[in-house]
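In: got a predicted structure here, sequence first:
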Amino acid sequence: MIKQVMTDERVQAGLAFIEADHDRAIEEQKEIVLVEAPTFHEENRAADYARRLTELGLVDVHIDPFGNVLGRRPGKGQGPVVLLEAHLDTVFPFGTNVTPVEKDGRTYAPGICDDTRGLAANLSVIRALDHAGIETQGDIIFAGTTREEGMGGMSGMRDLLQSHPEIAATISIDGAGVDSIVYQATGIRNYSVTYQGPGGHAYGAFGLPSPIHAAARAVTLLGDIRPPATPKTTFTVSLIEGGHQIHAIAQQAVFKINMRSDDGAELDRFEAMAIAAFEQGAALENARWGREEVTVSYEKILDVPAGTQPADSVIVQAAWQATEALGITPRLSAGGCTNTNMPVSMGIPAVALGRGGKEGGIHSLGEWFDPTGTYRCPQKSFLLLIALAGLHGVTQPLIAPRVQA
Ligand SMILES: [Zn+2]
C-alpha cells in the first residue's frame with residue numbers, strides 16, 4: 001500500500017522537501033518550546049500554534065471549546081478525514097527556564113522533545129504537502145491537543161474526537177525514536193483513598209482505631225495482589241500522607257494508587273479488588289480495636305480507557321510499511337499510554353509514532369534532543385497520511401470515511 005504511494009513523483013518531491021526543511025523545523029521547535037504550556041494552561045501555545053497553522057494556509061483554523069487547535073487541509077472529497085496531531089501541554093509549571101541551550105550536538109530545554117518536537121514536525125508535513133502539490137482524497141486535520149500529560153489524562157484528544165465524529169483515523173506524534181509504533185491503549189485508573197477517625201492523644205486516647213493504621217492495612221492487602229503478567233496489569237500506591245503530630249493518634253490518612261492494564265476487563269477486575277482492599281483496611285482496623293470509628297471514602301480521580309486493535313490492522317500495517325520505506329526497522333510497542341488511547345478505545349484506527357531524533361531526560365529539567373536524522377519522523381507522517389487519505393487519482397484511501405458527508 002505504501003509502495004504505490006512511493007512511486008508517485010510528487011511524493012518523492014515531498015520527501016526530499018522534508019529533508020531539506022529539517023533546519024527550519026528545528027528552528028520552529030526551539031521557538032515553540034519558549035511558549036510555556038503546563039497541562040490545563042495551554043492557551044498561549046495554542047494561540048501560537050494557531051498562528052502557524054494559519055500562515056501555512058490551512059482552512060478553518062480555530063481553537064475549539066476544549067482548547068485544542070485545529071486546522072484543515074481539504075481533500076478532493078468523498079475520502080476519510082484523517083487527523084495528525086501532537087500535544088501542546090508539557091509537564092513543566094510556569095516560570096520554568098525553557099530557554100534552549102546547545103551543548104555537544106544536543107539541545108537542552110524542558111519540553112524540547114515532549115511534545116514540542118511533534119508539533120514542529122507536523123508543520124513540516126503541511127509545507128511538504130503544499131510544496132509537492134499533493135491532493136488527497138480525504139481531508140486532513142492538523143491539531144495541537146491539550147491535556148495529554150498527567151492528570152490531563154489525554155482528555156483534550158477525547159474531547160476533540162467526540163466533537164469530530166467524522167475523523168476516521170488518527171496519527172499522534174509522541175514518544176521517543178523514529179521506529180516506534182504504538183497501537184495499543186493501556187488503561188489507567190487513579191484513586192485517592194481517605195481514612196478518617198476521631199484522633200486523640202497517643203497515650204491518653206489509646207484504644208481508638210487509627211486512620212494511618214487502617215491505610216497501612218489496606219496498602220499491605222493491595223501489595224499482596226498479584227495481577228496477571230499478560231495482559232500486563234500494574235499498580236502502585238504512589239503517594240501517602242497522614243497524621244499531624246507524633247504524639248497523636250491520627251485523624252486522617254490519604255493514599256493515592258495508580259492502576260494500569262492493557263486490557264479493560266482486567267482493569268475492571270483489579271479495580272474491584274482494590275476497592276475491596278480499601279474497605280477492608282478500615283474494617284480490619286476497626287475490628288482490631290472493637291470500635292467502628294475509622295471510615296473510608298475513595299474517589300476515582302483519573303480514568304483513561306484501555307483498548308487494542310489487531311497488529312495486522314490496516315493502519316498498523318501501513319505505519320509499518322511507511323517506516324520500512326524510509327529504511328528504518330519498525331518496532332511495535334507493547335502497551336502504551338498516549339493520545340492514541342482515546343481513538344483506540346472508541347474503535348477508531350490510530351497509531352502513535354515516535355518523534356525521531358535521539359532524546360533523553362523526558363519530563364525532567366535536563367530534557368535534551370539530538371536532531372540527527374529526525375526529518376524521517378515527518379517523512380513517515382507524510383507517507384502515512386497520504387496512504388490513509390488516498391492520493392487523488394493514484395491510490396484509493398486505506399480507510400473508509402467514518403461519517404458520509
Ligand atoms: Zn508526550
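Out: Sure, I can see it.
In: contact residues of the chain facing the ion?
Out: Residues of the chain lying near the ion by C-beta under 5 Å from the ion: D114, D115, D174. Every residue, glycine included, has its C-beta placed from N, CA and C.
In: tell me the secondary structure of the first one, please.
Out: Put plainly, it is D114. When classified by DSSP: H, G, I helix; E, B strand; the rest coil, D114 comes out as coil.
In: burial check on it, number of neighbours?
Out: 26 (other C-beta atoms under 10 Å).
In: gap between it and R10?
Out: Relative to R10, D114 is positioned 32 Å away (C-beta to C-beta, to the nearest Å).
In: got TSV for the residues of the chain next to the ion, with pLDDT and distance to A47 too?
Out: Below are those laid out as TSV (pLDDT from 0 to 100; distance: C-beta to C-beta, whole Å):
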residue	pLDDT	distance to A47
D114	96	20
D115	97	17
D174	96	22
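In: and of those residues, the nearest to H22?
Out: D115 (18.5 Å; C-beta to C-beta).
In: so who does that closest one touch?
Out: A86, H87, L88, D89, T90, E148, I173, D174, R355 (C-beta atoms under 8 Å, 6 or more residues apart in numbering).
In: of the residues you listed, which is the most crowded?
Out: Ranked by neighbour count (other C-beta under 10 Å), those have L88 at the top, with 32 neighbours.
In: let me know the helix or strand that whichever residue of the stretch 201-350 of the chain sits closest to the ion is in.
Out: Nearest residue of the stretch 201-350 of the chain to the ion (C-beta to the ion) works out as T338 at 7.1 Å. Here T338, judged by DSSP states H and E, is contained in no helix and no strand.
In: out of everything not next to it in sequence, what's closest to it?
Out: The spatial neighbour of T338 that comes closest, neighbours along the chain excluded (C-beta to C-beta, 6 or more residues apart in numbering), is A352 at 4.1 Å.
In: relative to L284, how far out is the residue most central in space within the chain?
Out: Nearest to the geometric centre of the chain sits T338, at 2.7 Å (C-alpha atoms, centre = their mean). With distances taken as C-beta to C-beta, T338 is found 39 Å from L284.
In: what does M157 give?
Out: Distance, M157 to L284, by C-beta to C-beta: 41 Å.
In: who has more neighbours out of the two?
Out: Neighbour tally, M157 and L284, criterion other C-beta under 10 Å: the higher count belongs to M157, 29 against 17.
In: tell me the SS of that one?
Out: helix.
In: contacting residues for the residue nearest to it when sequence neighbours are not counted?
Out: Spatial nearest neighbour of M157, chain neighbours left out: N339 (4.0 Å); criterion: C-beta to C-beta, 6+ apart. Counting by C-beta under 8 Å, 6+ apart, N339 makes contact with E85, H87, T145, E148, M154, G156, M157, T170, S172, D174, A352.
In: show me those that map onto helices.
Out: Residues of the contacts of N339 located in helices (DSSP state H): G156, M157.
In: ok, so of the contacts of N339, who is nearest the ion?
Out: Distance to the ion across the contacts of N339 (C-beta to the ion) is lowest for D174, with 4.2 Å.
In: the closest one reaches R355, doesn't it?
Out: Yes. Contact criterion C-beta atoms under 8 Å: D174 and R355 qualify, at 7.0 Å.
In: now the common contact residues for these two.
Out: Common contacts of D174 and R355, defined by C-beta under 8 Å, 6+ apart, comprise D115, G118.
In: where does the stretch 51-200 of the chain dip in pLDDT?
Out: By pLDDT under 70, the stretch 51-200 of the chain contains no weakly predicted segment.
In: let's go with 90 and repeat that
Out: The stretch 51-200 of the chain contains residues with pLDDT under 90 at 78.
In: cool, the stretch 251-400 of the chain as well?
Out: In the predicted model, the stretch 251-400 of the chain carries pLDDT under 90 at residues 308, 334-336, 357.
In: mind doing that once more with 80?
Out: Low-confidence segments of the stretch 251-400 of the chain, defined by pLDDT under 80, are absent.
In: which stretches in it count as helices?
Out: With DSSP state H, counting those that start in this stretch, the ranges of helices along the stretch 251-400 of the chain come out as 264-289, 314-325, 341-345, 376-389.
In: same deal with the stretch 101-250 of the chain?
Out: 116-131, 155-163, 211-223.
In: give me whichever of those is most buried.
Out: Counting by mean count of other C-beta atoms under 10 Å, helix 116-131 has the highest mean neighbour count of the helices of the stretch 101-250 of the chain, with a mean of 25.
In: what sits against M151?
Out: M151 sits in contact with T39, N190, I301, L302, where contact means C-beta under 8 Å, 6+ apart.
In: compare those and tell me which has the most neighbours.
Out: Neighbour counts for the contacts of M151 (other C-beta under 10 Å) peak at T39, which has 22 neighbours.
In: surely that residue is in contact with T145?
Out: No. With contact defined as C-beta under 8 Å, T39 does not count as touching T145 (11.1 Å).
In: surely L284 is in contact with A216?
Out: No. L284 lies out of contact with A216 (C-beta under 8 Å); the separation is 10.1 Å.
In: K30: neighbour count?
Out: Look at K30: counted by other C-beta under 10 Å, it has 18 neighbours.
In: quick check: bridge partners of the nearest residue to G111 once chain neighbours are set aside?
Out: Leaving out its chain neighbours, the residue that sits closest to G111 by C-beta to C-beta, 6+ apart is T90, at 3.8 Å. Using DSSP bridges, the bridge partners assigned to T90 are P38.
In: number of residues surrounding the nearest residue to E324 once chain neighbours are set aside?
Out: Distance criterion C-beta to C-beta, 6+ apart; nearest residue to E324, sequence neighbours excluded, is P330 at 6.1 Å. If you count neighbours by other C-beta under 10 Å, P330 ends up with 18.
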